[in-house]
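>>> coordinates for the following, if possible.
(one chain, ligands or ions: 1)
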Amino acid sequence: MNKLTFPILAVLADGKFHSGEALAQQFGVTRATVYNAIQAAQAIGITVFSVRGRGYRLPKPVTLLDADAIFQACGEYASWFHLQVLAQVDSTNRYLMQESARGVAHGTCAVAQVQTAGRGRRGRTWLSQLGGSLTFSLLWRFQCGAAGLSGLSLVIGLALLRALHELGLTDVQLKWPNDLVVMHQGQWHKLGGILIELQGDMEGPSAAVIGIGLNLDIEQGMRQQIDQPVLGLNQLSGQTLNANELLGRCLAALAVHLNQFTEHGFTYFQQSWMAHHAFHQQAVNLLMANGQVVPGQVIGVAEEGSLLVETANGQQRFNAGEISVRSAA
Ligand code: BTN
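Here you go, the predicted model:
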């Protein structure tokens, strides 16, 4: 990013007009330099309105991420985390995988004001916008190997669900394996997703980069680029959530859940996970990576986190795949 782009965006975060001249004066540069910095923001998909005679402004006010405010919202768990607030990054997961390989500390959380090439599950991209999304990754190191981490992604979903419920968003539910969803206008909408990438071998020790994307405010234009119904937490709650508060609460809940997971494994969470599963005992189609579609009824999740489905061929366990709703025929 142009060195001046983010400092200028921080000024524009109030959602008000700021003239090129005033910005140039504030940063001790020329108006052309301000213009270039704004162009650099637009080049990475940030909408900045430019009106002759009035200056520049963002479409709406934005609360920028702030390490002190995040730590404060973590409460008693603040000391568990090392926070890196990045102005711009391609993917917080890619970044933290690289930092992890370099030996960065357990509990490091990288959060981006702007993420330009977010990774989603199943090779998808994850779209986000300045102020419209919360995108972060958390590095958690385990003594055990990757083989001992089954169910981890489900536990992360449960931790986030608990943080959102505590903030009053009690309609949020889980969709196996780890999406956060809500029923809105008769349809399930995705509010957030989780992508876990592992380092280390099956025997251990291992490291998990836990990537989390939460939608806060999804603009119509972005919604149209996403191949499923999505909703922002702001749109759900009818108020503007503070991203710093939200991140702090999520980290605190993650600390508690990760600690319990390390001690007891997924079985400790199995019942409560099922109690929050939007598709528990529902008729679904399971879409496999090879395009196969398996119809069945969800009967639960197993002790290692796989999905249990009653199918025409009897009860089957699925470790991968994607649930889609099957309307009752
Ligand atoms: C999904 O497809 O549901 C998972 C989406 C995970 C997106 C988050 S955003 C922060 C972190 N960095 C990434 O590149 N991806 C994850």
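
>>> which parts of stretch 82-97 are buried?
Within stretch 82-97, the residues scored as buried using 16 or more other CB atoms under 10 Å are 83-89, 91-97. For glycine as for every other residue, the C-beta is placed from the backbone atoms N, C-alpha and C.

>>> for stretch 280-296, same thing?
For stretch 280-296, burial by neighbour count (16+ other CB under 10 Å) applies to 280, 284, 286, 294, 296.

>>> looking at the residues you listed, spot the one nearest the ligand.
Top of the list for closeness to the ligand, among the buried residues of stretch 280-296 and by CB to the nearest ligand atom, is residue 286 at 16.6 Å.

>>> report how many residues lie close to residue 212.
Counted with other CB atoms under 10 Å, the neighbours of residue 212 add up to 28.

>>> correct me if wrong: it contacts residue 253.
No. Shown here, residue 212 and residue 253 do not form a contact pair, counting by CB atoms under 8 Å, at 11.2 Å.

>>> next, give me the two most distant ones among the buried residues of stretch 82-97.
The distance between the two most remote of these (CB to CB) is 19.5 Å, for 87 and 97.

>>> name the SS class of the nearest residue to residue 129 once chain neighbours are set aside, please.
Leaving out its chain neighbours, the residue that sits closest to residue 129 by CB to CB, 6 or more residues apart in numbering is residue 222, at 6.3 Å. Assigned state for residue 222: helix (three-state reduction, DSSP: H, G, I helix; E, B strand; the rest coil).

>>> and for residue 84?
With three-state DSSP as the basis, the three-state label of residue 84 is strand.

>>> from here on, call the first residue 712.
All right, first residue 712 from here; so that's residue 795.

>>> just confirm it contacts residue 823, I think it does.
No. Counting by CB under 8 Å, residue 795 stays clear of residue 823, with 9.3 Å between them.

>>> elements contacting the helix or strand containing residue 734?
Assigned by DSSP states H and E, residue 734 falls within helix 731-738. The elements that helix 731-738 packs onto, with contact taken as 3 or more CB pairs under 8 Å, 6 or more residues apart in numbering; DSSP states H and E, are helix 716-723, helix 742-754, strand 766-768.

>>> worst-scoring helix or strand of the chain, pLDDT-wise?
Lowest mean confidence among the helices and strands of the chain (mean pLDDT, DSSP states H and E): strand 1033-1036, at a mean of 82.

>>> how about the residue of the chain found nearest the ligand, secondary structure?
The ligand sits closest to residue 904 of the chain, with a gap of 2.0 Å, by CB to the nearest ligand atom. Following three-state DSSP, we place residue 904 in the strand state.

>>> for it, give me its contacts.
The contact partners of residue 904, by CB atoms under 8 Å, 6 or more residues apart in numbering, come to 831-832, 837, 889-891, 923-924.

>>> kindly report the same for residue 797.
For residue 797, the contacting residues are 803, 806, 821-824, by CB under 8 Å, 6+ apart.

>>> please repeat the previous calculation with a cut-off of 7 Å.
Neighbouring residues of residue 797 by CB atoms under 7 Å, 6 or more residues apart in numbering: 821-823.

>>> which among those gets closest to residue 786?
Within the set of the contacts of residue 797, residue 822 lies nearest residue 786; the separation is 17.4 Å, counting by CB to CB.

>>> nearest spatial neighbour of the closest one, skipping sequence neighbours?
Of all residues apart from its sequence neighbours, residue 847 sits closest to residue 822 (CB to CB, 6+ apart), at 3.8 Å.
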